[in-house]
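Q: here are the coordinates; sequence isn't available:
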Ligand SMILES: Cc1cc2nc3c(=O)[nH]c(=O)nc-3n(C[C@H](O)[C@H](O)[C@H](O)COP(=O)(O)OP(=O)(O)OC[C@H]3O[C@@H](n4cnc5c(N)ncnc54)[C@H](O)[C@@H]3O)c2cc1C
């Protein structure tokens, strides 16, 4: 694979950009792989990448029913943070956040990581207590966060209204090394690196069944035929329950639609990420100038990649009271993604009798 660099760009500019090769190949599936990963989102591709990079396992296929990065990876609000209370959550999210610090260099692909800082507003006494507790827990976990005053909030985000009509801003949990990244570039960067290691990324290939024998996974049935494998990874976000069902076990997760929307682009007016959980809405400004807005999850199970109307209304109302300056902005796009939620609201690890890795 040709490395991306300023010299490569200059060289290609002189020969009409004829020398670039495709970032990843689109092969037909082989009959058998050492490992098959279902789902070519950021997590599936990263799983494959670290299997190859850290464990030398390269005879790997990543199967995707749509196009790579077309699931939640291309639908999220791009926020990167690790300011969680529970030790297990903080540890895994801080590991993930720290990978972003050097991801562009590691993958030789610009994922546009922007550690601009993430703040979570405290708008009730309960939130003040909760976020102060989280800041203390984070200090013990080695995660750098602090509880900041309303004045500091205002100085970091001049467009915010700290005297909101329903809930004033009473402070915030601030993580200065949190931020954003270009979400689909993360998928593209991992895909390019996986393909370069010889792995097969097979798009438009839906897994329709999982073959097992004596508690051992033998392979998968797909829309492109049968594929054998020794190990299987199910990395399909909101479809985890569906795929686990094919493998013959139930997962304690439920699928719900989570939604987001984006405004027309405007001049730079906010260079941090703000999350307002009490009124419920969060917002950042993309490099193109659009205000990227995240809303709530539907309160019922569904697999639609749209959000419901009442949520978008609540989200926009919450953000207009927090940022009155955006009240006349036009919204350009609105979409949803399917997330798998656990009842305990954080991740769990468990060994299963089925010989399968997740
Ligand atoms: C609106 C929204 C906003 C969000 N905002 C944030 C945020 O700001 N910060 C953050 O950290 N997280 C956010 N998230 C969560 C984040 O997007 C997800 O955790 C992450 O993208 C999941 O990546 P993934 O690779 O696990 O799943 P996905 O990207 O969804 O990839 C799973 C893939 O599996 C494929 N698949 C499913 N079934 C099959 C099958 N049978 N056969 C083959 N392929 C299959 C799908 O097509 C999909 O491409 C948000 C999510 C949404 C929906």
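A: Alright, I've got the coordinates. Everything numeric here is computed off the predicted structure, so don't read it as measured data.
Q: The ligand contacts on this structure?
A: Within the chain, the positions near the ligand by Cβ under 6 Å from any ligand atom are 38-44, 63-66, 70-73, 75-79, 206-207, 235-237, 239, 243, 258-260, 294, 337, 339. To be clear about C-beta, it is placed using only N, CA and C from the backbone, and glycine gets the same treatment.
Q: If any of those residues are buried, put those into a ChimeraX selection.
A: Per 16 or more other Cβ atoms under 10 Å, the buried members of those correspond to this ChimeraX selection:
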select :38,39,40,41,42,43,44,63,64,65,70,71,72,73,75,76,77,78,79,207,235,236,237,239,243,258,259,260,294,337,339
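Q: Which ones among the residues of the chain next to the ligand lie within helices?
A: If you go by DSSP state H, the residues of the chain next to the ligand have 42, 43, 44, 243 in helices.
Q: Can you tell me which of these is closest to residue 16?
A: Nearest to residue 16 among those: residue 42, at 33.1 Å, using Cβ to Cβ.
Q: Next one: residue 356, what pLDDT does it get?
A: Residue 356 carries a pLDDT value of 58.
Q: cool, and residue 353?
A: pLDDT, residue 353: 64.
Q: ditto for residue 300
A: pLDDT, residue 300: 85.
Q: Surely it forms part of a helix?
A: No - counting by DSSP: H, G, I helix; E, B strand; the rest coil, residue 300 is located in no helix; its state is coil.
Q: how about the nearest residue to it, chain neighbours excluded?
A: In space, residue 300 comes closest to residue 256 once its chain neighbours are excluded; the distance is 7.1 Å by Cβ to Cβ, 6 or more residues apart in numbering.
Q: name the helices or strands packed onto the helix or strand hosting the one you found?
A: Assigned by DSSP states H and E, residue 256 belongs to strand 253-265. Strand 253-265 sits against helix 240-247, strand 290-297, helix 309-322, strand 331-342, with contacts defined as 3 or more Cβ pairs under 8 Å, 6 or more residues apart in numbering; DSSP states H and E.
Q: residues contacting residue 121?
A: By Cβ atoms under 8 Å, 6 or more residues apart in numbering, residue 121 lies in contact with 127, 153, 169, 171, 172, 274, 275, 276, 277, 278, 322.
Q: what comes up buried for the helix or strand that contains it?
A: Assessed by DSSP H and E, residue 121 sits inside strand 118-122. Going by neighbour count (16+ other Cβ under 10 Å), the buried part of strand 118-122 is 118, 119, 120, 121, 122.
Q: quick one: which of those is nearest to the ligand?
A: Proximity of those to the ligand (Cβ to the nearest ligand atom) peaks at residue 118, which lies at 9.4 Å.
Q: how about that closest one, what does it touch?
A: 79, 80, 81, 83, 174, 175, 178, 179, 272, 273, 275.
Q: Quick check: it vs residue 36, distance?
A: The gap separating residue 118 from residue 36 is 35 Å, by Cβ to Cβ, to the nearest Å.
Q: Residue of the stretch 201-350 of the chain closest to the ligand, please.
A: For the stretch 201-350 of the chain, Cβ to the nearest ligand atom, closest residue to the ligand: residue 337, 2.5 Å.
Q: just checking, which of the contacts of residue 118 belong to strands?
A: 79, 80, 174, 175, 179, 273, 275 (DSSP state E).
Q: can you pull the contacts of the first one?
A: Meaning residue 79. For residue 79, counting by Cβ under 8 Å, 6+ apart, the contacting residues are 118, 178, 179, 180, 273, 275, 282, 284, 294.
Q: Check the closest residue to the fourth one other than its chain neighbours and give its pLDDT.
A: Translated: residue 180. Nearest residue to residue 180 in three dimensions, chain neighbours excluded: residue 78, at 4.4 Å (Cβ to Cβ, 6+ apart). Predicted confidence (pLDDT) for residue 78: 96.
Q: what's the answer for residue 165, then?
A: Reading off the model, residue 165 has pLDDT 88.
Q: Tell me, how many residues neighbour it?
A: 9 (other Cβ atoms under 10 Å).
Q: which residues touch residue 26?
A: Applying Cβ under 8 Å, 6+ apart, the residues contacting residue 26 are 201, 202, 203.
Q: ok, back up a step: partner strands of the strand holding residue 121, with direction?
A: If you go by DSSP bridges, strand 118-122 pairs up with strand 171-175 (antiparallel), strand 273-276 (parallel).
Q: how much space between the residue nearest the centre of the chain and residue 185?
A: Geometric centre of the chain, nearest residue: residue 73, 5.2 Å, by Cα atoms, centre = their mean. Distance of residue 73 to residue 185, given as Cβ to Cβ: 10 Å.
Q: likewise residue 207?
A: Taken as Cβ to Cβ, the span from residue 207 to residue 185 is 26 Å.
Q: again with residue 116
A: Distance from residue 116 to residue 185, by Cβ to Cβ: 16 Å.
Q: Using the three-state scheme, assign residue 106.
A: helix.
Q: And residue 100, its phi and psi?
A: phi -60, psi -30 (degrees, to the nearest 10).
Q: So which elements touch whichever strand or helix holds residue 186?
A: Assessed by DSSP H and E, residue 186 sits inside helix 183-196. On a contact count with 3+ Cβ pairs under 8 Å, 6+ apart, helix 183-196 meets helix 42-55, helix 103-107, strand 200-202.
Q: try 10 Å
A: For helix 183-196, the packing partners by 3 or more Cβ pairs under 10 Å, 6 or more residues apart in numbering; DSSP states H and E come out as helix 42-55, strand 60-63, strand 79-80, helix 103-107, strand 200-202.
Q: Deepest in the core, which of the ones you listed is it.
A: strand 60-63 (a mean of 27; mean count of other Cβ atoms under 10 Å).
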